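Undergrad: The sequence and its predicted three-dimensional model are supplied below.
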Amino acid sequence: MLERLSIGEPIQDVRVTGLLDLDPLVVSRWVCGEDLRGIYQPIVLHRCILNGLDLEGRTFYEMVELVGCHIAAAHFKRAYFYANLLIEDCVFEGDFEGQGIQNDGRMVIYNTIFNNWAAFENISLRGGVDLIDVSFPGGTNLLHVLINDAQERLGREIRFRDCRFRAADVPAGLDAARLGIAPLIEGDPRGAEG
(Lines give C-alpha, C1' and ligand atoms only; values in the text may rest on other atoms or scores of the structure.)
Protein backbone atom coordinates (compact mmCIF):
# COMPACT_ATOMS: atom_id res chain seq x y z
CA MET A 1 0.00 0.00 0.00
CA LEU A 2 2.80 2.46 0.88
CA GLU A 3 4.46 1.65 -2.43
CA ARG A 4 1.32 2.70 -4.29
CA LEU A 5 0.98 5.86 -2.18
CA SER A 6 4.66 6.68 -2.80
CA ILE A 7 3.93 7.17 -6.50
CA GLY A 8 0.77 9.17 -5.85
CA GLU A 9 -1.59 6.34 -6.78
CA PRO A 10 -5.04 6.48 -5.12
CA ILE A 11 -5.93 3.68 -2.70
CA GLN A 12 -9.51 2.39 -2.82
CA ASP A 13 -11.58 -0.24 -1.02
CA VAL A 14 -8.80 -1.40 1.31
CA ARG A 15 -8.91 -2.47 4.95
CA VAL A 16 -5.82 -1.73 7.05
CA THR A 17 -5.84 -3.58 10.37
CA GLY A 18 -2.79 -1.88 11.88
CA LEU A 19 -1.69 1.74 11.97
CA LEU A 20 -1.21 3.32 8.53
CA ASP A 21 1.99 5.25 9.21
CA LEU A 22 3.10 7.51 6.37
CA ASP A 23 6.60 8.12 7.79
CA PRO A 24 8.28 5.96 5.09
CA LEU A 25 6.98 8.46 2.49
CA VAL A 26 8.81 11.42 4.08
CA VAL A 27 11.74 12.68 1.99
CA SER A 28 14.17 15.58 2.31
CA ARG A 29 14.43 18.26 -0.33
CA TRP A 30 17.03 20.96 0.08
CA VAL A 31 15.93 24.38 -1.12
CA CYS A 32 18.15 27.42 -0.56
CA GLY A 33 20.01 25.59 2.22
CA GLU A 34 16.82 24.56 4.02
CA ASP A 35 15.69 20.95 4.48
CA LEU A 36 12.03 20.83 3.47
CA ARG A 37 11.21 17.35 4.81
CA GLY A 38 7.77 16.15 3.91
CA ILE A 39 5.53 14.08 1.71
CA TYR A 40 5.59 15.30 -1.88
CA GLN A 41 2.90 13.17 -3.51
CA PRO A 42 -0.87 13.30 -3.12
CA ILE A 43 -2.36 11.01 -0.48
CA VAL A 44 -5.73 9.75 -1.73
CA LEU A 45 -7.75 7.18 0.22
CA HIS A 46 -11.29 6.27 -0.92
CA ARG A 47 -13.67 3.88 0.85
CA CYS A 48 -11.00 2.50 3.16
CA ILE A 49 -11.40 1.05 6.64
CA LEU A 50 -8.44 2.06 8.79
CA ASN A 51 -7.74 0.96 12.35
CA GLY A 52 -5.40 3.92 12.62
CA LEU A 53 -4.14 6.75 10.42
CA ASP A 54 -0.94 8.53 11.47
CA LEU A 55 -0.37 11.93 9.86
CA GLU A 56 1.16 13.29 13.07
CA GLY A 57 4.01 15.74 12.59
CA ARG A 58 4.09 15.26 8.81
CA THR A 59 4.22 18.04 6.22
CA PHE A 60 2.14 17.49 3.09
CA TYR A 61 3.07 19.45 -0.02
CA GLU A 62 0.33 17.87 -2.16
CA MET A 63 -3.38 17.25 -1.59
CA VAL A 64 -4.59 14.85 1.10
CA GLU A 65 -8.00 13.35 0.30
CA LEU A 66 -9.99 11.01 2.54
CA VAL A 67 -13.35 10.06 1.01
CA GLY A 68 -15.78 7.46 2.35
CA CYS A 69 -13.32 6.20 4.95
CA HIS A 70 -14.05 4.68 8.34
CA ILE A 71 -11.17 5.51 10.71
CA ALA A 72 -10.86 4.10 14.22
CA ALA A 73 -7.94 6.26 15.44
CA ALA A 74 -6.85 9.49 13.75
CA HIS A 75 -3.51 11.12 14.59
CA PHE A 76 -3.33 14.53 12.89
CA LYS A 77 -1.33 16.37 15.61
CA ARG A 78 0.96 19.02 14.14
CA ALA A 79 0.23 17.93 10.55
CA TYR A 80 0.97 20.73 8.09
CA PHE A 81 -1.04 20.91 4.88
CA TYR A 82 0.47 23.21 2.25
CA ALA A 83 -2.06 22.01 -0.32
CA ASN A 84 -5.72 21.10 0.17
CA LEU A 85 -7.13 18.70 2.76
CA LEU A 86 -10.45 17.06 1.84
CA ILE A 87 -12.32 14.86 4.31
CA GLU A 88 -15.64 13.74 2.82
CA ASP A 89 -18.22 11.10 3.85
CA CYS A 90 -15.96 9.81 6.64
CA VAL A 91 -16.61 8.45 10.12
CA PHE A 92 -14.02 8.89 12.86
CA GLU A 93 -14.81 6.32 15.57
CA GLY A 94 -12.07 7.07 18.11
CA ASP A 95 -10.63 10.32 19.36
CA PHE A 96 -9.53 12.71 16.62
CA GLU A 97 -6.16 14.19 17.59
CA GLY A 98 -6.04 17.40 15.57
CA GLN A 99 -4.00 19.57 17.94
CA GLY A 100 -1.63 21.90 16.13
CA ILE A 101 -2.96 21.27 12.60
CA GLN A 102 -1.80 23.95 10.15
CA ASN A 103 -3.15 24.63 6.69
CA ASP A 104 -2.09 26.97 3.93
CA GLY A 105 -4.36 25.35 1.35
CA ARG A 106 -8.12 24.93 1.59
CA MET A 107 -9.51 22.52 4.19
CA VAL A 108 -12.93 21.00 3.43
CA ILE A 109 -14.70 18.62 5.79
CA TYR A 110 -18.00 17.43 4.31
CA ASN A 111 -20.67 14.99 5.52
CA THR A 112 -18.44 13.59 8.26
CA ILE A 113 -19.06 12.34 11.80
CA PHE A 114 -16.65 12.55 14.74
CA ASN A 115 -18.08 9.97 17.17
CA ASN A 116 -15.54 10.59 19.96
CA TRP A 117 -13.74 13.69 21.17
CA ALA A 118 -12.21 15.86 18.43
CA ALA A 119 -9.35 18.01 19.78
CA PHE A 120 -8.16 21.10 17.91
CA GLU A 121 -5.96 23.09 20.34
CA ASN A 122 -3.30 25.35 18.80
CA ILE A 123 -4.52 25.02 15.21
CA SER A 124 -3.40 27.55 12.62
CA LEU A 125 -5.85 27.88 9.75
CA ARG A 126 -4.34 30.27 7.21
CA GLY A 127 -6.14 28.79 4.20
CA GLY A 128 -9.89 28.77 3.82
CA VAL A 129 -11.96 26.26 5.80
CA ASP A 130 -15.39 24.83 4.94
CA LEU A 131 -17.26 22.50 7.29
CA ILE A 132 -20.47 21.28 5.66
CA ASP A 133 -22.86 18.77 7.23
CA VAL A 134 -20.37 17.76 9.93
CA SER A 135 -21.45 16.27 13.28
CA PHE A 136 -19.55 16.12 16.55
CA PRO A 137 -21.59 13.78 18.81
CA GLY A 138 -18.44 12.90 20.75
CA GLY A 139 -17.73 16.54 21.51
CA THR A 140 -15.09 18.99 20.37
CA ASN A 141 -13.28 22.13 21.40
CA LEU A 142 -13.21 23.46 17.82
CA LEU A 143 -15.62 26.37 18.32
CA HIS A 144 -13.94 27.43 21.58
CA VAL A 145 -10.55 27.42 19.84
CA LEU A 146 -11.87 29.39 16.86
CA ILE A 147 -13.72 31.95 19.00
CA ASN A 148 -10.44 32.65 20.83
CA ASP A 149 -8.02 32.54 17.89
CA ALA A 150 -9.93 33.37 14.69
CA GLN A 151 -13.25 34.99 15.61
CA GLU A 152 -12.94 37.68 12.93
CA ARG A 153 -12.67 34.96 10.24
CA LEU A 154 -15.77 33.01 11.32
CA GLY A 155 -18.42 33.14 8.61
CA ARG A 156 -15.92 34.46 6.05
CA GLU A 157 -12.76 32.38 5.53
CA ILE A 158 -13.95 29.79 8.07
CA ARG A 159 -17.47 28.71 7.09
CA PHE A 160 -19.97 26.26 8.56
CA ARG A 161 -23.15 24.91 6.96
CA ASP A 162 -25.53 22.41 8.56
CA CYS A 163 -22.99 21.42 11.24
CA ARG A 164 -24.10 19.87 14.52
CA PHE A 165 -22.39 20.38 17.87
CA ARG A 166 -23.28 19.41 21.43
CA ALA A 167 -24.71 22.41 23.29
CA ALA A 168 -21.78 22.26 25.75
CA ASP A 169 -19.35 22.72 22.84
CA VAL A 170 -20.89 25.98 21.59
CA PRO A 171 -19.39 29.04 23.33
CA ALA A 172 -21.82 31.35 25.10
CA GLY A 173 -22.74 34.35 22.98
CA LEU A 174 -21.82 32.71 19.67
CA ASP A 175 -24.55 33.26 17.06
CA ALA A 176 -24.53 29.59 16.10
CA ALA A 177 -27.57 29.70 13.81
CA ARG A 178 -26.09 32.56 11.76
CA LEU A 179 -22.89 30.56 11.31
CA GLY A 180 -24.68 27.38 10.15
CA ILE A 181 -24.36 25.52 13.45
CA ALA A 182 -27.17 23.53 15.07
CA PRO A 183 -27.30 21.65 18.37
CA LEU A 184 -27.38 17.86 18.34
CA ILE A 185 -30.34 15.81 19.50
CA GLU A 186 -29.08 13.23 21.96
CA GLY A 187 -28.74 9.86 20.25
CA ASP A 188 -29.04 11.29 16.71
CA PRO A 189 -25.74 12.63 15.31
CA ARG A 190 -27.51 13.99 12.20
CA GLY A 191 -30.49 15.79 13.75
CA ALA A 192 -30.92 19.23 15.27
CA GLU A 193 -32.97 20.12 18.31
CA GLY A 194 -36.28 21.88 17.86
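TA: That came through, no problem. Everything numeric here is computed off the predicted structure, so don't read it as measured data. Numbers count the residues shown, from 1 in each chain.

Undergrad: Give me the next element, helix or strand, following the one helix or strand Val108 maps to.
TA: Assigned by DSSP states H and E, Val108 belongs to strand 107-114. As assigned by DSSP H and E, the chain's next helix or strand after strand 107-114 is strand 118-119.

Undergrad: Quickly run through the sheet partners of the helix or strand just after that following strand, with directions.
TA: The helix or strand immediately downstream of strand 118-119 is strand 124-125, counting by DSSP H and E. Sheet pairing of strand 124-125 (DSSP bridges) gives strand 102-103 (parallel).

Undergrad: With adjacent residues omitted, what lies nearest to Leu25?
TA: Ile39 (4.8 Å; Cβ to Cβ, 6 or more residues apart in numbering). Placement of C-beta: from N, CA and C, glycine included.

Undergrad: That neighbour is in contact with Tyr61, isn't it?
TA: Yes. Counting by Cβ atoms under 8 Å, Ile39 touches Tyr61, with 6.8 Å between them.

Undergrad: Between the two, which has more neighbouring residues?
TA: Ile39 (22 against 16; other Cβ atoms under 10 Å).

Undergrad: ok so, going back, next, the residue nearest to Leu25: phi, psi?
TA: phi -110, psi 120 (degrees, to the nearest 10).

Undergrad: Give the buried residues for the longest helix along the chain.
TA: Ranked by number of residues, the top helix in the chain under DSSP state H is helix 142-149. Across helix 142-149, burial judged by 16 or more other Cβ atoms under 10 Å covers 142-143, 145-146.

Undergrad: burial measure for Ala177, as a count.
TA: When neighbours are counted by other Cβ under 10 Å, Ala177 comes out with 10.

Undergrad: Which pLDDT value belongs to it?
TA: pLDDT recorded at Ala177 is 86.

Undergrad: On the three-state scheme, it is what?
TA: helix (DSSP: H, G, I helix; E, B strand; the rest coil).
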